[in-house]
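> the amino acid sequence is not available; the structure is as follows:
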Ligand SMILES: N[C@@H](CCC(=O)N[C@@H](CS)C(=O)NCC(=O)O)C(=O)O
């Protein structure tokens, strides 16, 4: 069985959404991101991944895959019939990668990560400088579209949904971008998004950061 290492409401939420969308069963391990301990066993997370970051998807043979963009595409490709990622070679596959990279580098690492992890106010302020421009790019793209790529829900939407859920707590009010607020409302109507978020919000209450 696949195993997903996660921290509740961290970027690994996108992988949980993707797994639920595929209907593929997995074992979920809560990792404390500060202590780098796996909660249920107290085992050392560094032994699972030298990066010390979630998500980590572990295959049945014990190999671990890291990086949201790779993990999400792997999960999507387990059920090609669901079109959670366009097929390799199709032009939209590169659009998917384009959006996975954008969410990963510009929103996640460029803004959310420093906002929630850094203690230095100057570093946080600097991360904030570009976020309006970044978010505006996504909002403009979604003005006349229901999804980031193509006509249906893909793993890029799972990733963006997670990022948008955290923008509010990071002090960025989506009300300023109606296409994004509408998009997030639509995404939150998806049963598997609801299920993943409900599970992780409950788990988040049981741990302190
Ligand atoms: N480049 C990685 C970054 C993943 C990442 O930063 N995850 C955060 C949670 S949202 C984390 O585990 N942080 C702990 C740490 O960096 O020590 C990816 O895109 O998957």
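Received the coordinates, thanks. Small disclaimer: the values here were computed from a predicted structure and weren't measured. Numbers count the residues shown, from 1 in each chain.
> how far does stretch 54-70 sit from its chain's centre?
Distance of stretch 54-70 from its chain centroid, counting by C-alpha atoms, centre = their mean, to the nearest Å, is 14 Å.
> and for stretch 138-153?
Going by C-alpha atoms, centre = their mean, where stretch 138-153 is centred and where its chain is centred differ by 17 Å.
> list the buried residues for that stretch?
Neighbour-count burial for stretch 138-153, counted by 16 or more other C-beta atoms under 10 Å, picks out 138-139, 141-142, 147-150, 153. Heads up, the C-betas are built off the backbone N, CA and C, glycines and all.
> list the buried residues for the least confident helix or strand in the chain by mean pLDDT?
For the chain, counting by mean pLDDT, DSSP states H and E, helix 121-128 ranks last in confidence among helices and strands (a mean of 88). Using 16+ other C-beta under 10 Å as the test for burial, helix 121-128 gives 124, 127-128.
> closest one of the residues you listed to the ligand?
Nearest to the ligand among the buried residues of helix 121-128 is residue 127, at 13.5 Å by C-beta to the nearest ligand atom.
> wait, that closest one touches residue 108, no?
No. Counting by C-beta atoms under 8 Å, residue 108 is not a contact partner of residue 127; they are 11.0 Å apart.
> and this structure, which residues reach the ligand?
Within the chain, the residues that sit near the ligand (C-beta under 6 Å from any ligand atom) are 7, 10-11, 33, 52-54, 67-68, 104, 113.
> and which of these is nearest residue 176?
Within those, the smallest distance to residue 176 is 21.7 Å, found for residue 113 (C-beta to C-beta).
> quick one: the helices in this protein?
13-22, 68-78, 91-102, 113-117, 121-128, 131-142, 155-167, 178-188, 191-204 (DSSP state H).
> where among these is average confidence lowest?
Looking over the helices of the chain, mean pLDDT reaches its minimum on helix 121-128, with a mean of 88.
> so how far is residue 181 from the residue in the chain sticking out farthest from the centre?
Most distant residue from the mean C-alpha position of the chain: residue 122, 26.0 Å away (C-alpha atoms, centre = their mean). Using C-beta to C-beta, to the nearest Å, one gets 30 Å for the distance from residue 122 to residue 181.
> likewise residue 56?
Look at residue 56 and residue 181: by C-beta to C-beta, they are 32 Å apart.
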